[in-house]
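>>> Can you look at this prediction? I've put the sequence above it.
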Amino acid sequence: MKGTNLGEFEELVLLTVAALGTEAYAVSVKAHIAEQSNRHVNISAIHSSLYRLEDKGFLTSKFGGSTSKRGGKQKRYFQVTSAGFSMLQQSKDLKQQLWNTIPQLSFHSA
Amino acid sequence: MGTYLLRKIFAANIHDEIAGDLQEIFLERVAAKNKTYASFKYMIDVLLSTRNYYLRRRKNIYTRSQTAMIKNYFKITLRTISKNKVYSALNIMGLALGISAFIFILQYVSYENSYDKFHSNHEDLYRIRYKVYQGEELRIDCAAAVPRVGPFMKEKMPEVIEYARAYPLGGVMSKDNIKFREDRIHLADPSLLKIFDFPLLYGDAGSALIEPNQVVISEEMAKKYFGMSDAVGEQLTFNSWLDLNLVVTGVAKDVPNNSHFKFDFLISYQTLNNQTTDEDGIVASETAWGWYDFNSYVLLEKGTDAIAFDKKFDEILFEERREAFEKGGRRAEFPLQAITDIHLYSNLLQESEPEEQGDGEAVFFLSIVAFLILVIAWVNYINLSTARSVERAKEVGVRKTMGAYRKQLIHQFLTEAIVLNFISLIIGLTIVVLGIRFFNQLTDSALSLSFLASAQFWLVAIAVFILGSTLSGIYPAFVLSSFKPSSILKGKFSGNGAGTLLRKVLVIFQFAASVSLITGTIIVSQQLVHMKNIKLGFNLSNTLVIKGPSVFGADSLFTSTFDAFRGKLLKNTEVESVTGSSNVPGAEIFWTNGIKRHEETDDKRRTIYIAAVDYEYFPTYDIELIAGRNYDKSFSTDTGALILNKAAVEFLNYASPEEAINKKVTFRGQPKTIVGVVDDYKQMSVKSDVAPIAFPLVLENRRYFTLKLKTNNYQETFEFSQATYDQFFPGNPFDYFVLDDYFNRQYKNEEKFSSVFILFAAFAIIVACLGLFGLSSFSALQRTKEIGIRKTLGANMSSIVFILTKEFVILIGIANIIAWPVIYLVMNGWLDNFATRISIGLPVFLLAGGLVIIIALLTVGYKTVVTAKSNPIEALRYE
C-alpha cells in the first residue's frame, strides 16, 4: 500500500465531506468544491477519491434517500471517521508547524 | 450508449449509486443549458469515469488475469516487432503505403463525385440536352439547348417548378483603364440565382437580373475591377458583338471549383432580348427553336422521374412542333440530364467547361485500384505471418504446454495484427499529410487536407483499420493457434500444406493485380502517345495566335486596318504569314448554319459547322487541299465560292471530293460553288471524329489572328506583335496563346489519368515487392540447411539461385496468365471511348509480364544470392 498519506486533492475532498456534515455525497461534494475553491473537477475524480478514502478508512458511508431526479437510484452518503479527523488534524498541525518555522521577515520582503 | 458504457465500467456493487450521481448532474445541466450540451458533458463524464474501472471491483481472478493478459499481449507484440525488425518493417511499410494510396484515391474520387452536389436542390435539377435526328441518324447531341424550350417546358409540364437559361459569351470588360478579356460571361435568367446555390454577398438576388444591362459579378471580379467586394452600383463596359454599359447589381460568392457551370459575370437575360427583337416585335432569344447556344436548366418537383418526364414531354413537343419537324425531315428531342451527372458522365457538344469534364469510368477504375492496393497490403501481412508460422510454432507449443488456452493465443495474434495495422494507419496518414502537395502537383488536382476534419473520413479510416486488422489477423490467428504442441515440440512440425497453398494463391493474386496495373499503365500511356501522334492534318508548330479585337470603330474599316496590320507584321523577318479566322484548330466551333445541294428541296437542308477563313488560312496551317483550289485573290468571283472538308463532301452525298468540285450548293440561303476540298484535319478535337465543316471566305474575320513564325522564338516576336497590335487596335487587351500548348490542353484529362495511374501502379508494385522480399528472404532462411548440404555436395551458386527463385517465377507466370484476359477486356472497353485508338497487342502483355518478373527477381535475388553464397559450414555447424 502507498501508506496512509493524503494527497492534496484527497485532503480537499476529505475536508469538504467534513464541512458538509451529513449531507456529503458525490454531487454535493463536487458542488461545494466548485463553490469554495472555484475548482471545477469532473465527477469521476470525486468518485475515485471518495471510494479510495473509504478504503483507507478515513470515511464511512451509508445509503441514503433516492430522489426521482436520480432515476430512483440511492445516494451514498459519506462521513468522516475519527481516523479521518485525526488525519486532518495531523495534516493541519504539520502545516502549522512548517508555517511557524518560516522566518518572519520573509513576509515583508517581496 | 453512455449508460451502457457506465455499466461496463463500474463494478455492479457501486454502479447504481454512481449512475445516480451522473444522472442528477445531467438533469441539472439540462435545466441550466440545454439537452445537447448536457448529453455531451454526460458522455465526457462517462468517458473520464473509465479511470474508476478498478474501483471496488470484486477481486475476481478471471477478470484480473484478463487485464493482465491484455497487457501481456501488447508486451509480446512489441517484443515480436522488435525481434523481427525487418519483417515488421516490411509489414508496416506495406500496409502504410497501401493505406496512404487508398486515402489519396479516396479523396480524389470523392472530389470528382462531389461536382454540383453543393446545390441544395441538386437531386431535382436537370440540364436540358438538345438532340436532333435526321431520319434515324443522330445529327446533333448538344449540351446547350434552344431558348424556347425552357419556357415551353414550364408552360406545358406541371412538374417544372422553374427554368433558367444561360447564354455563354466572351468579350472585353472594362472599367476606365482596367481592361480584360473575360470568357466566363453568361446572359442569364434571374431564376438562375434562385434554382442554383450561388449566393449573393451584396445585392438582392430577387431583383439583380430583371432589368436590361444589369450584371452580377463574382467576388474575385469585384476585387479585380473595383478593388473591393461591395461593387453594387458600379459601372462596367462590355464589348463583343454586343456593346453594353452595365450596372453591377450584385456580387456573388466565387463559384466553387466543383461546379460544372462557372461564371464571373451574369448579365441579365433581358439585355439579350432587347438585342434580338426584330421589327415585328418577335424576340429571337425567347422564341427560337433552332438556335442552340443556351444552357438550359430546370428544377422539377421533388422526386420526379426524369425518364417518364422525357417521354411525356416528347409527345407534347411533337404535338407543338409537328409541322416544323415534318417540313425539315428532322426531329428534335430535349432529354433531361441530372446535373450531378454532368461532370463525370457527359461528353456533349458545347459543354460549359469542356476541358474540365471528368471521366466517370476513369474514376471508377481508380476506386478499384485503391482497393486492390489495400488488399495487396493485407495479403502481404497474411503471407508473412503464415510464412513465419514455423518459427512461431515453437512459441505456440511452449505457450500451450504452459497452459495457454487457444482463445488466448488467438487474442495474441489478433493483438499483433491490430497493433501493426494501427502503426501503419498512423504512418499512412503521415504520408498523406506530407505527400498531398506532391500528389496535387502530379495529378493537377486541388485536394486539401480539410478532409481530416470530416467525420465521414474518419468513419472510413476506422472501417479500413478494423477490416484490415480482422482480415489480416484472423487467418494467422486461427492457423497458428491450432498447432498441436506435442508434434511441434518433438520437432516434427514443418509448415502445413494448406498454409503454403493459400500463400501461393495470395502471391498469385498480388502479382496478377500488379501485372494488371502495369499493363493498364502501359496501355494508357501508349494511347496518350498515339493521340499526340495522330496525323492532325495541319502544322501547329511555331504558331502564335492573338485574339482579335472586340473594340473596333467601324466594321467597314476593319478589312483595310487588318491588311495594314498584317503588312506591318510581315515586315518582321520572323513572321512567315498572318491569317485571320473565326476559329483555330483545337477550339470548338459554335457557329453552324444550313447547307444543301442546290438541286435538293428545302427539307434536305442540313446543319453544318462553319469556320470562316481568309486567303491565307490554309497555307498558314499547311492544310492540304485534296481537290480543287484555295481561295484566290485573282478570282473576283470567290465571294460566291466555298471550300468544304472531306467529311462535308460525304455529308452532302457526293461520291468523291473531285466530283464535288464546281457543284452548286445553297449555304446560309445563298448559292455557292464548291471550289476546293480540304482533307479531314482535326479542326476541333482529336478525340472525336471530324465533323463536316464549311469554310466560307470572310475577309473581316476578327476572332483569331494566327502568326506563323519561322522559328520558335516566341519571345521576340511577341513584343513586336504586341506593339503592332496596340498600334492598330488601341483599347483592346493583347491576348495570345501558343497554338501547340492550346491544342495540347485537350490531352489534359488523359495525362492526368495516366500520371495517377502510373503513381498508383508503382505503389501497388512496391507493396507487392515488399511482401515478396519478405517471403523470399524467409524461405531462403528456412532452407539454409538444405542449401548448406547442397553446397557441400557440390552444387554451384547458379543452380542454388535457380532452385530458390523457381517457385516465385512459376507463381508470377500463373499470375500473368490470369491477369491478361481480364486486363484485355477492361482496357478494350476503355479504349472504345476514343475515336482513334490503339489496338492491344501481345507485346504489351509480354512487356508487363517481363517487367514484373524482373522486378520480382531483383527483389528475391538479393537474399537468395546472399544465402547461396554463404559458407556451408556456417549453415551446418548450427546445432
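Noted; the coordinates are in hand.

>>> Show me where chain A dips below the pLDDT cut-off.
Counting by pLDDT under 70, chain A contains low-confidence ranges at A:1-4, A:66, A:104-110.

>>> Recalculate using a threshold of 80.
Filtered on pLDDT under 80, chain A yields the residue ranges A:1-6, A:64-72, A:103-110.

>>> The residue nearest the centre of chain B is in what secondary structure piece?
In chain B, the C-alpha nearest the mean C-alpha coordinate belongs to residue B:358, at 4.6 Å (CA atoms, centre = their mean). Per DSSP states H and E, residue B:358 falls between elements, in no helix or strand.

>>> would you list every one of the strands in chain A?
Per DSSP state E, chain A carries strands over the ranges A:59-66, A:74-80.

>>> partners of the longest one, with directions?
This points to strand A:59-66. Within its sheet, strand A:59-66 is paired with strand A:74-80 (antiparallel), according to DSSP bridges.

>>> CA atoms only: put the strand it pairs with into CSV for me.
What follows is strand A:74-80 as a C-alpha-only set of coordinates in CSV (Å, rounded to 0.1, in the frame of the first residue of the first chain):
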residue,chain,number,x,y,z
GLN,A,74,-29.8,5.6,-4.0
LYS,A,75,-27.2,8.1,-2.8
ARG,A,76,-24.2,7.0,-0.9
TYR,A,77,-23.6,9.5,2.0
PHE,A,78,-20.1,9.8,3.3
GLN,A,79,-19.0,10.7,6.8
VAL,A,80,-15.6,11.4,8.2
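
>>> and it, which residues are buried?
For strand A:74-80, a neighbour-count test (16 or more other CB atoms under 10 Å in any protein chain shown) marks A:74-78, A:80 as buried. Every residue, glycine included, has its C-beta placed from N, CA and C.

>>> Around chain B, pick out the residues from chain A.
With CB under 8 Å from any CB of the partner chain as the criterion, chain A meets chain B at residues A:25-27, A:30, A:42-45, A:47-48, A:51-52, A:63, A:66-67, A:69-71, A:73-76.

>>> which ones among these are found in helices?
Secondary structure assignment by DSSP state H places A:26-27, A:30, A:43-45, A:47-48, A:51-52 of those in helices.

>>> Same list (these) but as JSON lines, adding distance to residue B:844 and neighbour count.
Conversion of those to JSON lines gives the following (distance: CB to CB, whole Å; neighbours: other CB atoms under 10 Å in any protein chain shown):
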{"residue": "A:26", "distance to residue B:844": "74", "neighbour count": "26"}
{"residue": "A:27", "distance to residue B:844": "75", "neighbour count": "20"}
{"residue": "A:30", "distance to residue B:844": "73", "neighbour count": "22"}
{"residue": "A:43", "distance to residue B:844": "68", "neighbour count": "23"}
{"residue": "A:44", "distance to residue B:844": "65", "neighbour count": "23"}
{"residue": "A:45", "distance to residue B:844": "68", "neighbour count": "17"}
{"residue": "A:47", "distance to residue B:844": "69", "neighbour count": "26"}
{"residue": "A:48", "distance to residue B:844": "68", "neighbour count": "20"}
{"residue": "A:51", "distance to residue B:844": "73", "neighbour count": "20"}
{"residue": "A:52", "distance to residue B:844": "73", "neighbour count": "18"}
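
>>> residues touching residue 41, list them.
As the question left the chain open, I've gone with chain A. Residue A:41 makes contact with A:9, A:30, A:33-34, according to CB atoms under 8 Å, 6 or more residues apart in numbering or on different chains.

>>> my bad, the chain I had in mind was chain B
So residue B:41 contacts B:25-26, B:29 (CB under 8 Å, 6+ apart).

>>> Looking at those residues, which one is closest to residue A:89?
Nearest to residue A:89, judged by CB to CB, of the contacts of residue B:41 is residue B:25 at 32.2 Å.

>>> which element is that closest one on?
Assigned by DSSP H and E, residue B:25 belongs to helix B:12-32.

>>> Tell me where the model's unsure across the stretch 251-400 of chain B.
In the stretch 251-400 of chain B, residues with pLDDT under 80: B:327-330, B:347, B:349, B:353-359, B:384-394.

>>> what about 70?
Flagging of the stretch 251-400 of chain B using pLDDT under 70 yields the residue ranges B:390.

>>> Just the closest residue of it to chain A, please.
residue B:399 (33.7 Å; CB to the nearest CB).

>>> That residue - how many residues pack around it?
Residues near residue B:399, counting by other CB atoms under 10 Å in any protein chain shown, number 17.
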